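# got a sequence here, can you model it:
(one chain, ligands or ions: 1)
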Amino acid sequence: MKDSERVKRAIEVATKAHEGQLRKTGEPYIIHPLAVKKILEEWGMDEDTVIAGILHDTVEDTDLTLNDIKKEFGESVAFLVDGVTKLSNARNGMRDIDTYLPETKDNFLRLMIALGDDIRVLIIKLADRLHNLRTLSALPPDKQKKIAKESLEVFAPLADRLNMGRLRVEMADLAFKYVDPKRYAELKDLIDKHNKSAARSLKKIEEEVGEALKKEKIKFELSGRVKSVYSLHKKLAKHNQNINEIYDLTALRVIVNDITDCYLTLGVIHSLYTPMGGRIKDYIAIPKQNGYQSLHTTVITKDKHVVEFQIRTREMHEYAERGLAASFYYNEQKLTENYKKGKIEHLPTNLLWITELQMTAARLREGKKVDLKKLKLNLFADKIFVYTPKGDIIDLPKGSLPLDFAYRLHSEIGDHVIGVKINGKMSNLNKKLEQGDIVEILTSKNQTPKTSWLDKIITPHARQKLMRAINKNGADGRV
Ligand code: MN
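Numbering: from 1, shown residues only. Reported below is the predicted structural model:
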């Protein structure tokens, strides 16, 4: 990619500011911000984010001020650099490795909430952390362990939350190597050996599947998926260290053109091999919490090999690998516009928790009390996915009621609810919504919002909208 004039200028400014500083590796410091720049570009981030990545350590470590940055690169870049600086400041002063983690987790949560306004701050921080992990060997062992542990417990889960799969895997494996070197080496060896011994039969399976798909005139890309060391470690812990219960050591990924082809491909694979009961997962119809979509199935081949298949479209693949960053790539213009207006409206439905974060941030800034424990639960609790009659997916917290759904669609709909149909049948406003329900809200122009509805709502979002409507219209909607 060719650097724009602004990017070139940012590199100049950062190089000058960091002049004379060295990294622990002995290299000039500027190597680090430039590596962060490259990572952000690979993720497809917008120019302001890339520039902020180049400048991310200047305010903390050099004479450059936030004002200098604002003057030359504008408000948005300055905001991002400030956010990253604040994040790293929060970690200062917590030196004791044992008390450090629980503390940082809480502090980080608090900070993420405060910074929830612009999720790009977190994306820069993730790029920063990724490069620091890649070059961790230069640090003294106690620091290595600390940074690695924090990466495993805070940053990798965060990457997962944002569905940045490729980042999560790289981060977790880099970090795990330092947290438990012996175990890492053991498992790495195990995976390598397994891959070696499976290579030949895998090739045969690829050929068989390829041929069958061609016969059906399905266009496809087929590739192997390498199991990450850390995820194997976690899975083994769940299965009493019994390697025979790990069914996805060998996995193949099939990328096809559209959703119809995904299901056709699943059929082709099931006609070739015997699927294992209970191991077919339709994350296309019901995506994972973080928006991940794919069909998964585990089959037993004629030679008794156990292979997991992941079937998805190109877009689903991009999203699984790059997550939130991919959405930025697709919606860059829209998103940037909305950030300027201070709102995030074009996030994929599955990432609406970011909006929740943003609302909480507003409360914190207004000095209102926020119960962080509750919030954590709320943010990370299970969600359900329900559908509009048109098939749009809406994610809601478990236990949500029809009015929560209605207000999520639009306050105009929420304010005028007279009834609800769930899966085509008349139901009532006290009925808890279940995963996969198709929900149709019935409205009437003459209906007005009722105070009694407050008992039929569980989401803060709907409560806020209802309260606003009641305050505007007077109690029980009488004007
Ligand atoms: Mn840095």
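# show me where this protein has its strands.
220-225, 251-256, 274-275, 281-282, 295-300, 306-313, 383-387, 393-397, 417-422, 425-427, 439-443 (DSSP state E).
# any chance of the ones you listed in CSV, plus mean neighbour count?
(Glycine included, C-beta is placed from N, CA and C.) Below are the strands of the chain laid out as CSV (neighbours: other CB atoms under 10 Å):
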stretch, mean neighbour count
strand 220-225, 14
strand 251-256, 21
strand 274-275, 13
strand 281-282, 15
strand 295-300, 19
strand 306-313, 22
strand 383-387, 20
strand 393-397, 19
strand 417-422, 17
strand 425-427, 12
strand 439-443, 19
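# now the ones you listed in JSON lines, with distance to K238?
Formatted as JSON lines, the strands of the chain follow (distance: least, CB to CB, whole Å):
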{"stretch": "strand 220-225", "distance to K238": "20"}
{"stretch": "strand 251-256", "distance to K238": "18"}
{"stretch": "strand 274-275", "distance to K238": "22"}
{"stretch": "strand 281-282", "distance to K238": "17"}
{"stretch": "strand 295-300", "distance to K238": "16"}
{"stretch": "strand 306-313", "distance to K238": "16"}
{"stretch": "strand 383-387", "distance to K238": "22"}
{"stretch": "strand 393-397", "distance to K238": "26"}
{"stretch": "strand 417-422", "distance to K238": "35"}
{"stretch": "strand 425-427", "distance to K238": "38"}
{"stretch": "strand 439-443", "distance to K238": "34"}
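# how many neighbouring residues does the closest residue to the ion within the stretch 151-300 of the chain have?
Here the stretch 151-300 of the chain gets closest to the ion at one residue, F155, 13.2 Å apart by CB to the ion. For F155, the neighbour count with other CB atoms under 10 Å is 24.
# follow-up on the earlier one: lowest average pLDDT across the strands of the chain?
In terms of mean pLDDT, the lowest-scoring of those is strand 383-387 (a mean of 71).
# do you know how far R9 is from the ion?
20 Å (CB to the ion, to the nearest Å).
# my read: M164 touches Y319, true?
No: using CB atoms under 8 Å, M164 makes no contact with Y319, being 9.7 Å away.
# grab the nearest non-local neighbour of the residue in the stretch 101-250 of the chain that the ion sits nearest to.
Nearest to the ion in the stretch 101-250 of the chain, going by CB to the ion, is D128, at a distance of 4.2 Å. Setting aside the residues directly before and after it, D128 is nearest to V36 in space (CB to CB, 6 or more residues apart in numbering), at 5.4 Å.
# returning to that earlier point: how many neighbours does the closest residue to the residue of the stretch 151-300 of the chain closest to the ion other than its chain neighbours have?
Excluding the flanking residues, the one nearest F155 by CB to CB, 6+ apart is R129, at 5.2 Å. R129 has 23 neighbours, counted by other CB under 10 Å.
# do H317 as well
20.
# which ones are touching it?
Listed by CB atoms under 8 Å, 6 or more residues apart in numbering, the contact set of H317 reads R253, I255.
# name the residues of this protein found near the ion, please.
When proximity is defined as CB under 5 Å from the ion, the chain approaches the ion at D57, D128.
# per-domain residue ranges of the chain.
Domain assignment of the chain by automatic domain parsing yields the ranges 5-181, 183-322, 328-473.
# so which of those is the most surrounded?
domain 5-181 (a mean of 19; mean count of other CB atoms under 10 Å).
# residues touching the residue nearest to the spatial centre of the chain, list them.
Geometric centre of the chain, nearest residue: L162, 0.9 Å, by CA atoms, centre = their mean. The neighbours of L162, taking CB under 8 Å, 6+ apart as the test, are I119, L122, I123, N290, G323, L324, A325, L351.
# so what's the residue of the stretch 151-300 of the chain closest to the ion up against?
K125, L126, R129, M171.
# residues in contact with the third one?
When you say that, I think you mean R129. Contacts of R129 (CB under 8 Å, 6+ apart): S151, F155, M171.
# the last one now?
The neighbourhood of M171, defined by CB under 8 Å, 6+ apart, consists of L126, R129, L130, L133, S151, F155, A156, A159.
# next step: these restricted to helices.
Judged by DSSP state H, the contacts of M171 include L126, R129, L130, L133, A156, A159 as members of helices.
# wait, what's in contact with the fourth one?
Going back to what we said before, that points to L133. Taking CB under 8 Å, 6+ apart, one finds I147, A148, S151, M171, L174, A175 in contact with L133.
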